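Asks: Sequence plus the predicted model coming up.
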2 protein chains.
Amino acid sequence: MKETLVPLANNHISVDCVVVGFDGKHLKVLLIRRDGEENGEAYHDMKLPGSLIYQDEDLDEAARRVLFELTGLKNVDLMQFKAFGSKGRTKNPKDVHWLERAQSAKVERIVTIAYWAAVKISRSLELDVAGFQAQWVALDDIPSLAFDHNQIIQEAVKYICHYVEVDLMALFNLLPRKFTAAQLRVLYNLLRGKNIDARNFHKKMSQMEYVIPLEEKEQKVSHRAARLYRFDRVLYKKDRK
Amino acid sequence: MKETLVPLANNHISVDCVVVGFDGKHLKVLLIRRDGEENGEAYHDMKLPGSLIYQDEDLDEAARRVLFELTGLKNVDLMQFKAFGSKGRTKNPKDVHWLERAQSAKVERIVTIAYWAAVKISRSLELDVAGFQAQWVALDDIPSLAFDHNQIIQEAVKYICHYVEVDLMALFNLLPRKFTAAQLRVLYNLLRGKNIDARNFHKKMSQMEYVIPLEEKEQKVSHRAARLYRFDRVLYKKDRK
């Protein structure tokens, strides 16, 4: 069997990135556009930013490269959380055809190493890098994606919720630099699977010495402007010891 | 390039298992023997139980198969913790030669998916399955292993210590079914990086409602026989809610 020479490590190992953001009400995931052709007809759908790895890079380097190339994001704390290697993950005919076209090679088993990151949704993206059209999609609005990417996202969210039980840092990475008590409460409830109301959450917040009230209020809102708070990373780390 | 036909998925993806045990004083890891030849001379060293994955199995299935084939262990709760894909992990000439011999194929980039498990050290192993000679080696006594297996073990131990902060179940999986307060204290200190003395630990233990004192003492010991305790899984799960 003739082997096509490409600068890939091989065509069996890829990385995928689940980048999560919070818009004040909902968790969102960064997805990119995939274009393909099936039965002579063009189609497009969505997938996670990801790609096969190259010969000259480690897994972490690959994840950072892929995220930058497909969304323009840099300096993101990407954390590996799971390898997906189900024998059926690259068996859907539509995916097989797309891979064969993209790789100019026969498709075989691909194991993907998945990473997650929590970023502030206000960060600017190169939204149209090379036509990949990165966009934020609310978790509940995610359609049927390529490969097993729906499952990867589900597991990422589960992982993040669990992670936040041990370390709230990721939660504060999702909030804007200056946030309201309501935003903190909504996100906390979302990630901890709880339903704490505003009054009880206020008590909880007052015990968080690393949540600092500012002498500022929200700007340009139609409702009554709420006080803003910030997260003190140094105080948080001290508190954890 | 002629491709050798083997029932492997490909020669780029493997699984490795870090199986940890506790003998009452020290943590130990299960290692197997590797035989090779270098510069015309036979040698042997040690490695983690692991192997390339087959076409017809998922990653979790591969890990279970590998552990059973190389050590005889079954019904072990193997948990995936990290993918190791450093571009240099299969570059050591000794490892390259061994792989080429073992796979009858040119060695390329191999990413390994690592699993960990906590098992009771009293479990019987097929210690000499096919000459692999599985043996328990204390963490401090582990020599220089094949590939990056020393690093994989280090990261597994770090992962387990962190994991135990959230869920003590792994700790109780390492203890014998009936254990003494001293064994629990030594292991707890080891995994939590603490140095709690017997008196203070006694107070801590009395708060663990899922640690049940038995009407039994140690048998066949040269020191004063200590009371035995058992771990109540159901009470523990209730306690966690």
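Replies: Cool, got the structure.
Asks: Mind jotting down where the strands sit in chain A?
Replies: A:13-22, A:27-38, A:41-47, A:50-52, A:79-84, A:111-118, A:135-138, A:211-217, A:227-231 (DSSP state E).
Asks: Let's have those in TSV, adding mean pLDDT and distance to chain B.
Replies: Every C-beta, even on glycine, is put in place using the N, C-alpha and C of the backbone. Listed next are the strands of chain A as TSV, based on pLDDT from 0 to 100; distance: least, Cβ to the nearest Cβ, whole Å:
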stretch	mean pLDDT	distance to chain B
strand A:13-22	95	5
strand A:27-38	90	21
strand A:41-47	89	20
strand A:50-52	92	11
strand A:79-84	96	4
strand A:111-118	96	5
strand A:135-138	94	26
strand A:211-217	96	23
strand A:227-231	96	22
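Asks: how near is A:Y210 to chain B?
Replies: 20 Å (Cβ to the nearest Cβ, to the nearest Å).
Asks: pretty sure that residue contacts A:D239?
Replies: Yes. If you go by Cβ atoms under 8 Å, A:Y210 and A:D239 touch, sitting 5.8 Å apart.
Asks: which of those two has more neighbours?
Replies: Using other Cβ atoms under 10 Å in any protein chain shown, the more surrounded residue of A:Y210 and A:D239 is A:Y210, with 17 against 13.
Asks: Tell me which residues touch the more buried one, please.
Replies: A:231-233, A:235-236, A:239 (Cβ atoms under 8 Å, 6 or more residues apart in numbering or on different chains).
Asks: and it, what pLDDT?
Replies: Looking at A:Y210, its pLDDT is 96.
Asks: can you check the one 10 residues further on too?
Replies: Per-residue confidence for A:K220 comes out at a pLDDT of 85.
Asks: So what's the residue count around it?
Replies: Neighbour tally, A:K220, other Cβ under 10 Å: 5.
Asks: So it versus chain B, what's the distance?
Replies: A:K220 sits 41 Å away from chain B, going by Cβ to the nearest Cβ.
Asks: List the contacts of the closest residue to A:A198 other than its chain neighbours.
Replies: Among residues not flanking A:A198 along the chain, A:R185 sits closest, at 6.4 Å (Cβ to Cβ, 6 or more residues apart in numbering or on different chains). By Cβ under 8 Å, 6+ apart, the residues touching A:R185 are A:196, A:198, A:201, A:205.
Asks: In this structure the last one contacts A:Q183, no?
Replies: Right, A:M205. No. Using Cβ under 8 Å, A:M205 is not in contact with A:Q183; the gap is 11.5 Å.
Asks: Between those two, which has more neighbouring residues?
Replies: A:Q183 (21 against 16).
Asks: residues touching the more buried one, list them.
Replies: Contacts here follow Cβ under 8 Å, 6+ apart; on that basis A:Q183 touches A:22, A:24, A:175-176.
Asks: What distance do you get for it to chain B?
Replies: Distance of A:Q183 to chain B, given as Cβ to the nearest Cβ: 26 Å.
Asks: Same question for A:K241.
Replies: As judged by Cβ to the nearest Cβ, A:K241 and chain B stand 12 Å apart.
Asks: Neighbours of that residue, how many?
Replies: Using other Cβ under 10 Å, A:K241 has 4 other residues around it.
Asks: A:E41 now?
Replies: Residues lying near A:E41 (other Cβ under 10 Å) number 7.
Asks: coming back round to it: looking at the strands of chain A, which is closest to B:S144?
Replies: Ranking those by their distance to B:S144 (criterion: Cβ to Cβ) puts strand A:79-84 first, at 25.7 Å.
Asks: The closest one pairs with which strands?
Replies: Partner strands and pairing direction for strand A:79-84 (DSSP bridges) are strand A:111-118 (antiparallel).
Asks: report the angle between the axes of the partner strand and strand A:13-22?
Replies: 20 degrees (axes from the mean of the first three to the mean of the last three Cα atoms, to 10 degrees).
Asks: and strand A:111-118, how far from the chain's centre?
Replies: Its chain's average C-alpha position is 8 Å from that of strand A:111-118, according to Cα atoms, centre = their mean, to the nearest Å.
Asks: now do stretch A:186-202
Replies: Centroid separation between stretch A:186-202 and its chain, computed with Cα atoms, centre = their mean, is 22 Å.
Asks: List the buried residues of it.
Replies: By neighbour count on 16 or more other Cβ atoms under 10 Å in any protein chain shown, the buried set for stretch A:186-202 is A:186-188, A:190-191, A:201.
Asks: who touches it?
Replies: For stretch A:186-202, contacts defined as Cβ under 8 Å, 6+ apart pick out A:22, A:24-25, A:27, A:160-161, A:164-165, A:171, A:174-175, A:181-182, A:184-185, A:204.
Asks: now stretch A:83-94
Replies: Against stretch A:83-94 from outside (Cβ under 8 Å, 6+ apart): A:16, A:36, A:38, A:96, A:99, A:107-114, A:147-148, A:151-152, B:9, B:13, B:53, B:55-59, B:62, B:80, B:83, B:113.
Asks: what about stretch A:210-228, how long is it end to end?
Replies: End-to-end distance for stretch A:210-228: 14 Å, by Cα to Cα, to the nearest Å.
Asks: buried sites along it?
Replies: By neighbour count with 16+ other Cβ under 10 Å, stretch A:210-228 contains the buried residues A:210-211, A:218, A:228.
Asks: Can you name the two of those that sit furthest apart?
Replies: Maximum pairwise distance among the buried residues of stretch A:210-228 (Cβ to Cβ): 20.9 Å, between A:Y210 and A:E218.
Asks: could you give the angle of the lengthiest helix in chain A to helix B:149-166?
Replies: For chain A, the longest helix by residue count, based on DSSP state H, is helix A:149-166. Helix A:149-166 runs at 60 degrees relative to helix B:149-166, counting by the same axes, to 10 degrees.
Asks: pLDDT averaged over helix A:149-166 - what is it?
Replies: Across helix A:149-166, the average pLDDT comes to 93.
Asks: thinking again about what came up before, go through the buried residues of stretch A:210-228 and say which is closest to A:I32.
Replies: Checking the buried residues of stretch A:210-228 against A:I32 with Cβ to Cβ, the nearest one is A:E218 at 31.9 Å.
Asks: Relative to B:H44, how far out is the closest one?
Replies: Applying Cβ to Cβ, to the nearest Å, the value for A:E218 to B:H44 is 68 Å.
Asks: One more: A:E61?
Replies: Distance from A:E61 to B:H44, counting by Cβ to Cβ: 34 Å.
Asks: of these two, who's got more company?
Replies: Per other Cβ under 10 Å, whichever of A:E61 and B:H44 has more neighbours is A:E61, with 16 against 9.
Asks: tell me the pLDDT at the more buried one?
Replies: 95.
Asks: before we move on, what about A:V129?
Replies: pLDDT, A:V129: 65.
Asks: Equivalent analysis for A:L48, please.
Replies: Reported pLDDT at A:L48 in the predicted model: 97.
Asks: Please report the distance of it from chain B.
Replies: Distance, A:L48 to chain B, using Cβ to the nearest Cβ: 16 Å.
Asks: Now that residue. Nearest residue, chain neighbours left out?
Replies: Here the residue nearest A:L48, using Cβ to Cβ, 6+ apart, is A:D16, at 4.5 Å.
Asks: That neighbour - how many residues pack around it?
Replies: 23.
Asks: That one reaches A:Y115, doesn't it?
Replies: Yes. In this structure A:D16 lies within contact range of A:Y115 using Cβ under 8 Å: 7.2 Å.
Asks: just the buried members of the contacts of A:Q183?
Replies: Taking 16+ other Cβ under 10 Å as the criterion, what is buried in the contacts of A:Q183 is A:22, A:175-176.
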